[in-house]
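1. Turn this into a structure:
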Amino acid sequence: MKLKSYLPNYFTKINNSKRAEYKNAKLVFLYTPRSASSGSSRCIRKASTGDGRRVGPDLSECKRTHFKQNNEYDVLLGDTVFGLCEHSERPCGYATLVRDPYERIVSSYSYCRRTRSDPLCRAMSPWKSSITEWAEHLGNYFFQQLIFHPKFCNQFQEYYFPRSIKSDIYLSPPVWFRQKVILSHMLTKQQIDTLVDYCLVNLENWFSLVGLMEHYEISMKMIETVFKIPVERVCVGNQSQNVGQYSNLLIPSENNAIDDKMGIRKLIEELKEDASVARAIQADLRLYARFKEIFQRQVDNYKMALMCTKQCNNGGTCMVNNGVEECKCPTDFAGENCE
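-> Now for the predicted structure:
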């Protein structure tokens with residue numbers, strides 16, 4: 001991947017002299033279904049528009065295939081947007097909000113019982129599958145987002161054998177399922193593992209900011225800090241109260257009952273105890289663990305900056321170093337207060 005336009009992690013990979021680049025950078029927000037995707041993308045879109053930024057159309061499924069106006073927009077959002085920074089003529093930063101893969105699977109299992117028209121739900125009916133079958137069906141959804149290419153929409157026909165994977169297609173095959181089938185015939189397990197390792201090594205180079213759904217409010221506040229988009233007013237507070245909520249759907253069948261109290265926890269525990277599920281979502285589990293590690297270091301640096309009261313001039317940033325407040329100065333400035 002071309003790294004020239006990429007802005008690496010704001011809190012863990014750069015010094016203060018480079019942080020000014022992020023203010024006017026293009027934000028590409030990658031969302032994953034059932035990871036506060038609708039709420040977070042909606043509020044980022046609203047906050048960005050209110051701030052006078054040009055926000056592009058939602059780029060989900062194969063809409064990116066026909067998208068040619070990359071450089072006309074300041075903010076792009078979607079579930080297939082990863083890779084767009086490679087074509088940006090100005091500094092470009094990715095941000096994302098991730099969720100525990102087990103929780104995301106259970107949430108989608110509940111959600112897709114209410115609607116099958118959503119692309120997430122079109123390749124298999126949760127009414128006809130157990131929770132473990134559903135988990136294996138979704139597989140490494142987030143990993144696939146990181147290696148998505150528009151060619152998965154209408155090319156690679158020589159690798160597309162949909163009957164080789166259990167499915168129950170409704171309307172038309174969603175692109176994520178098509179990509180899954182193609183990858184299963186195109187790459188060996190060893191090659192997949194190599195790609196996962198490559199992603200793990202480069203996450204901090206690719207993502208300017210990673211958030212966790214279980215820490216939604218501070219994730220949104222850090223997005224504001226990095227890209228200077230006033231998302232806190234729009235995204236934090238009442239908006240966050242519904243984030244991560246499972247549906248209140250009660251399934252009539254005794255064997256498949258889902259409720260907000262015992263059923264959800266039971267399904268999550270059932271998934272965690274199943275070795276076949278762990279193998280099926282191994283890449284996403286590894287990516288999530290790495291994201292949690294990065295997130296914690298982001299939060300540590302973010303909180304240290306908030307604790308500072310020292311006045312720093314000329315774009316300097318107050319930081320706490322071993323309990324002592326000091327100014328980190330941009331190039332061409334020095335001294336205690338970056339004079």
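2. Grab the nearest non-local neighbour of Ser219.
-> Of all residues not flanking Ser219 in the chain, Gly211 sits nearest, at 2.7 Å (Cβ to Cβ, 6 or more residues apart in numbering). (Each C-beta comes from the backbone N, C-alpha and C, glycine too.)
3. which residues touch the one you found?
-> Counting by Cβ atoms under 8 Å, 6 or more residues apart in numbering, Gly211 touches Ala95, Thr96, Leu97, Val98, Ile218, Ser219, Met220, Met222, Ile223, Phe295.
4. My guess is the fourth one contacts Val210. True?
-> Spelled out, that is Val98. Yes. Val98 is in contact with Val210 according to Cβ atoms under 8 Å; the separation is 6.7 Å.
5. Check the contact lists of those two and give me the overlap.
-> Residues touching both Val98 and Val210 (Cβ under 8 Å, 6+ apart) are Phe291.
6. Distance of the residue nearest to Ser219 relative to Ile294?
-> In this structure, Gly211 and Ile294 are 10 Å apart, going by Cβ to Cβ, to the nearest Å.
7. Please apply the same query to Leu187.
-> Separation of Leu187 from Ile294 (Cβ to Cβ) stands at 26 Å.
8. Who has more neighbours out of those two?
-> The neighbour comparison of Leu187 against Ile294 (other Cβ atoms under 10 Å) goes to Ile294, with 19 against 15.
9. Go through the helix or strand containing Ile268 and flag the buried ones.
-> Here Ile268, judged by DSSP states H and E, is contained in helix 262-272. Across helix 262-272, burial judged by 16 or more other Cβ atoms under 10 Å covers Gly263, Ile264, Leu267, Ile268, Glu270, Leu271.
10. Can you lay out those residues as JSON lines showing pLDDT and distance to Gln155?
-> Below are the buried residues of helix 262-272 laid out as JSON lines (pLDDT from 0 to 100; distance: Cβ to Cβ, whole Å):
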{"residue": "Gly263", "pLDDT": "76", "distance to Gln155": "41"}
{"residue": "Ile264", "pLDDT": "83", "distance to Gln155": "39"}
{"residue": "Leu267", "pLDDT": "89", "distance to Gln155": "37"}
{"residue": "Ile268", "pLDDT": "92", "distance to Gln155": "37"}
{"residue": "Glu270", "pLDDT": "91", "distance to Gln155": "38"}
{"residue": "Leu271", "pLDDT": "95", "distance to Gln155": "34"}
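11. how close does the residue nearest the centre of the chain get to Leu27?
-> Nearest to the geometric centre of the chain sits Thr96, at 3.3 Å (Cα atoms, centre = their mean). As judged by Cβ to Cβ, Thr96 and Leu27 stand 11 Å apart.
12. At which residues are the strands of the stretch 201-339 of the chain located?
-> Secondary structure of the stretch 201-339 of the chain by DSSP state E, counting those that start in this stretch: the strands cover 207-212, 317-321, 324-328.
13. So which of the buried residues of helix 262-272 is the closest to Pro150?
-> Pro150 lies nearest to Leu271 out of the buried residues of helix 262-272, by Cβ to Cβ, at 31.9 Å.
14. so the closest one touches Glu103, yeah?
-> No. In this structure, Leu271 is not within contact of Glu103 by Cβ under 8 Å, at 9.3 Å.
15. what's the single longest helix in this protein?
-> The residue-count maximum for a helix in the chain (DSSP state H) belongs to helix 282-307.
16. and that helix, how far from the chain's centre?
-> Between the centre of helix 282-307 and the centre of its chain there are 13 Å (Cα atoms, centre = their mean, to the nearest Å).
17. State the mean pLDDT of it.
-> On average, the pLDDT along helix 282-307 is 92.
18. if we can go back for a sec, OK, contacts around the nearest residue to the residue nearest to the centre of the chain once chain neighbours are set aside?
-> Leaving out its chain neighbours, the residue that sits closest to Thr96 by Cβ to Cβ, 6+ apart is Leu30, at 4.4 Å. Going by Cβ under 8 Å, 6+ apart, Leu30 touches Gly78, Asp79, Val81, Phe82, Tyr94, Ala95, Thr96, Gln145.
19. Show me these that map onto strands.
-> Of the positions in the contacts of Leu30, Gly78, Tyr94, Ala95, Thr96 sit in strands, assigned by DSSP state E.
20. quick one: the residue nearest to Pro162 when sequence neighbours are not counted and Gly83, what's the gap?
-> Excluding its sequence neighbours, the residue lying closest to Pro162 (Cβ to Cβ, 6+ apart) is Val181, at 5.5 Å. As for Val181, its distance to Gly83 is 20 Å (criterion: Cβ to Cβ).
21. With Ser184 instead?
-> Noted for Ser184: a distance of 21 Å to Gly83, by Cβ to Cβ.
22. ok, those two, which is more surrounded?
-> Legend: neighbour count by other Cβ under 10 Å for Ser184 and Gly83, higher for Gly83 (20 against 15).
23. was I right about the more buried one contacting His149?
-> Yes. With contact defined as Cβ under 8 Å, Gly83 counts as touching His149 (6.8 Å).
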